[in-house]
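Trainee: just coords:
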């Protein structure tokens with residue numbers, strides 16, 4: 001009985017036989033590709049495995065990529081793309097990574113176009129499990145940035161790329177829900193490398209009779225896609241970790257002008273806007289949950305990441321979005337929670353018998369971070385006050401629309417609808433206070449105020465948690 005896998009390997013090996021006067025032709029490399037493509041999934045995986053172990057897979061990749069002046073092989077980008085699409089639909093994640101490595105090892109141009117083209121094919125055609133396994137297999141290869149130099153009359157252009165990082169990022173951005181969570185976990189500690197590669201950068205030096213000018217061009221479409229994948233997950237802690245890594249990548253773009261000698265930057269503002277779009281998707285997907293994790297995770301508890309995000313949002317004039325986030329921290333993601341009892345909710349700290357009020361802490365964290373971002377952006381007190389006023393007016397729209405029902409805690413002695421009025425009262429009073437600075441306005445608007453007595457509508461435990469977290473962030477945050 002014939003073995004189709006052995007037959008295919010033998011056919012490919014014979015076709016690839018070469019000599020000084022017998023190079024592999026274009027027709028022969030097409031025959032090799034057709035032989036692999038003709039196989040069903042299980043057999044295609046076995047063939048790729050045997051070709052790799054026999055040392056033939058790298059040679060095949062080299063002939064597919066053959067662009068030398070004497071080369072007779074070589075496939076066009078479209079032909080290669082069709083082969084990759086077929087392989088993406090058949091191979092498992094490990095063998096897709098094996099194929100990627102084979103093409104990476106034959107690159108002579110420095111653009112590693114085959115690696116990223118295969119990544120695009122995997123993102124489009126592979127199964128969710130194959131994508132996750134591909135990410136895991138290539139994770140260790142990310143972070144190796146290569147510079148490619150192109151020259152022409154009067155200019156030179158250097159492109160910085162991490163081909164594996166870009167390919168993995170494209171695949172990661174195509175996952176959703178539980179599969180996205182598995183993808184991020186498969187990537188592990190290599191996420192910062194992938195996010196860096198997701199913001200394409202090109203340096204162009206244009207030489208003229210007057211001298212040379214440097215231009216840095218940015219693109220962040222893939223970054224936004226990765227953030228969309230993160231936003232689709234249900235794990236708030238993992239979302240917070242991705243948010244933190246995303247902010248660090250955003251900082252690198254934001255601070256480009258600090259490079260010695262200066263640069264003409266093209267597309268920076270658009271790239272930053274895309275990046276904040278992606279980061280906002282994560283926060284808005286579960287504002288309460290993500291903010292709680294940012295507040296209490298050691299890596300983000302100082303508020304530096306969220307304050308840097310808030311600073312960029314304020315720079316882009318996006319106070320309304322920050323305000324909606326604040327409103328959700330007051331009345332819950334769905335706008336259905338009693339703001340008094342919500343702030344007094346407790347959880348038991350893991351591995352202890354101690355209690356924590358995470359909602360009160362998260363609200364203090366938000367207020368402290370936003371004010372730190374506003375202060376870092378501008379020392380203009382009037383500008384800060386105007387920005388905070390815009391935030392509070394937006395927060396008020398969320399509170400006003402809240403459909404709150406159910407009794408409040410007996411110790412507070414107020415109904416849920418009355419508790420909502422207390423928040424409205426606090427926000428309106430803060431907005432109308434002509435003397436308060438931006439920080440005071442934010443702080444005064446956060447906690448409910450009893451309309452009958454003018455006192456805080458929460459107890460000492462809530463106000464202490466809020467105040468302590470706010471003060472800690474104001475002291476430590478570095479936007």
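Mentor: Cool, got the structure. Keep in mind the model is a prediction, meaning the values are calculated, not measured.

Trainee: so is the closest residue to residue 300 other than its chain neighbours in a helix, a strand, or just coil?
Mentor: Among residues not flanking residue 300 along the chain, residue 294 sits closest, at 4.6 Å (CB to CB, 6 or more residues apart in numbering). Where C-beta positions appear, they are placed from N, C-alpha and C, glycine not excepted. Using DSSP: H, G, I helix; E, B strand; the rest coil as the criterion, the local structure at residue 294 reads helix.

Trainee: just the one 5 residues further on next, same as before
Mentor: The assignment at residue 299 comes out as coil when based on three-state DSSP.

Trainee: so it touches residue 244, yeah?
Mentor: Yes. Taking CB atoms under 8 Å as the definition, residue 299 is a contact partner of residue 244 at 6.1 Å.

Trainee: what about those two, which has more around it?
Mentor: Each of residue 299 and residue 244 had its neighbours counted (other CB atoms under 10 Å), and the higher figure belongs to residue 244 (21 against 12).

Trainee: Without its sequence neighbours, what residue ends up closest to that one?
Mentor: That would be residue 305: by CB to CB, 6+ apart, it lies 4.8 Å from residue 244.

Trainee: What is the neighbour count of the one you found?
Mentor: The local packing of residue 305 (other CB under 10 Å) involves 27 other residues.

Trainee: residues in contact with the helix or strand hosting it?
Mentor: Residue 305 belongs to helix 304-315 when elements are defined using DSSP states H and E. For helix 304-315, contacts defined as CB atoms under 8 Å, 6 or more residues apart in numbering pick out 243-244, 247-248, 250-251, 254, 272, 275-276, 279-280, 283, 291, 294, 300, 319, 321-322, 365-366, 368-370, 372-374, 376-377, 387, 473, 476-479.

Trainee: Heading C-terminal from it, find the next helix or strand.
Mentor: Next element after helix 304-315 (DSSP H and E): helix 319-331.

Trainee: Show me which residues of that next one are buried.
Mentor: Across helix 319-331, burial judged by 16 or more other CB atoms under 10 Å covers 319, 321-331.

Trainee: Determine the set of other helices and strands touching the following helix or strand past that helix.
Mentor: Stepping forward along the backbone from helix 319-331, the first helix or strand reached (DSSP H and E) is helix 339-343. Contact partners of helix 339-343 among helices and strands, from 3 or more CB pairs under 8 Å, 6 or more residues apart in numbering; DSSP states H and E: helix 319-331, helix 358-377, helix 416-432.

Trainee: so which of those helices is the most packed in?
Mentor: Each of the helices and strands packed on helix 339-343 was given a mean neighbour count from mean count of other CB atoms under 10 Å, and the largest, a mean of 26, is that of helix 358-377.

Trainee: Only the buried residues of whatever helix or strand residue 130 lives in, if you could.
Mentor: Under the criterion of DSSP H and E, residue 130 resides in helix 128-138. Of the residues in helix 128-138, 128, 130-138 count as buried by neighbour count, 16+ other CB under 10 Å.

Trainee: tell me the mean pLDDT for it?
Mentor: Helix 128-138 carries an average pLDDT of 98.

Trainee: how distant is that helix from the center of its chain?
Mentor: Helix 128-138 has its C-alpha centroid displaced from the chain centroid by 18 Å (CA atoms, centre = their mean, to the nearest Å).

Trainee: Run through the neighbouring helices and strands of that helix.
Mentor: On a contact count with 3+ CB pairs under 8 Å, 6+ apart, helix 128-138 meets helix 93-104, helix 113-125, helix 163-172, helix 177-187.

Trainee: who wins for proximity to residue 348 among those?
Mentor: The minimum distance between residue 348 and the helices and strands packed on helix 128-138 falls on helix 177-187, with 24.9 Å, by CB to CB.

Trainee: Which strands and helices lie in contact with the helix or strand just after the closest one?
Mentor: Stepping forward along the backbone from helix 177-187, the first helix or strand reached (DSSP H and E) is helix 191-197. Helix 191-197 is packed against helix 163-172, helix 221-231, helix 236-254, with contacts defined by 3+ CB pairs under 8 Å, 6+ apart.

Trainee: most neighbours per residue, which of the ones you listed?
Mentor: Between the helices and strands packed on helix 191-197, helix 163-172 has the highest mean count of neighbours, a mean of 28, where neighbours are mean count of other CB under 10 Å.

Trainee: pLDDT averaged over that one, what's the number?
Mentor: Here helix 163-172 scores 94 as its mean pLDDT.

Trainee: Now do it and helix 128-138, the angle between them.
Mentor: Between the axes of helix 163-172 and helix 128-138, defined by axes from the mean of the first three to the mean of the last three CA atoms, to 10 degrees, the angle is 160 degrees.

Trainee: What ranges in the chain fall below the confidence cut-off?
Mentor: In the predicted model, the chain carries pLDDT under 70 at residues 1, 19-22, 67-73, 108-111, 145-161, 201-216, 257-265, 405-416.

Trainee: ok, now how distant is the residue nearest the centre of it from residue 347?
Mentor: Against the mean C-alpha coordinate of the chain, by CA atoms, centre = their mean, the closest residue is residue 227 at 3.6 Å. When CB to CB, to the nearest Å is the yardstick, residue 227 and residue 347 sit 27 Å from each other.

Trainee: Repeat that for residue 93.
Mentor: Counting by CB to CB, the gap from residue 93 to residue 347 is 37 Å.

Trainee: ditto for residue 436
Mentor: Taking CB to CB as the measure, residue 436 falls 33 Å from residue 347.

Trainee: Look at those two and report which has more neighbours.
Mentor: In this view residue 436 and residue 347 are compared by other CB under 10 Å, and residue 436 has more residues nearby, 18 against 13.

Trainee: so the more buried one is in which element?
Mentor: Following DSSP H and E, there is no helix or strand that holds residue 436.

Trainee: if I pick it, what's in contact with it?
Mentor: Under the criterion of CB under 8 Å, 6+ apart, the neighbours of residue 436 are 385, 430, 444.

Trainee: do the same with residue 247
Mentor: Contacts were defined as CB under 8 Å, 6+ apart; by that measure residue 247 touches 279, 305-306, 308-309.

Trainee: Redo these as JSON lines? Include distance to residue 26.
Mentor: Written out in JSON lines, the entries for these read as follows (distance: CB to CB, whole Å):
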{"residue": "279", "distance to residue 26": "47"}
{"residue": "305", "distance to residue 26": "52"}
{"residue": "306", "distance to residue 26": "56"}
{"residue": "308", "distance to residue 26": "53"}
{"residue": "309", "distance to residue 26": "52"}
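
Trainee: which one of these sits closest to residue 31?
Mentor: The shortest approach to residue 31 among the contacts of residue 247 belongs to residue 279, at 49.0 Å (CB to CB).

Trainee: how near is the closest one to residue 130?
Mentor: 29 Å.

Trainee: Same question for residue 330.
Mentor: For residue 330, the distance to residue 130 (CB to CB) stands at 44 Å.

Trainee: likewise residue 123?
Mentor: With distances taken as CB to CB, residue 123 is found 11 Å from residue 130.

Trainee: Pull the number of nearby residues for the nearest residue to residue 188 once chain neighbours are set aside.
Mentor: Excluding the flanking residues, the one nearest residue 188 by CB to CB, 6+ apart is residue 139, at 6.3 Å. A total of 21 residues lie near residue 139 under the criterion other CB under 10 Å.

Trainee: In this structure residue 139 contacts residue 183, no?
Mentor: No. At 10.2 Å, residue 139 does not count as touching residue 183 under the criterion of CB under 8 Å.
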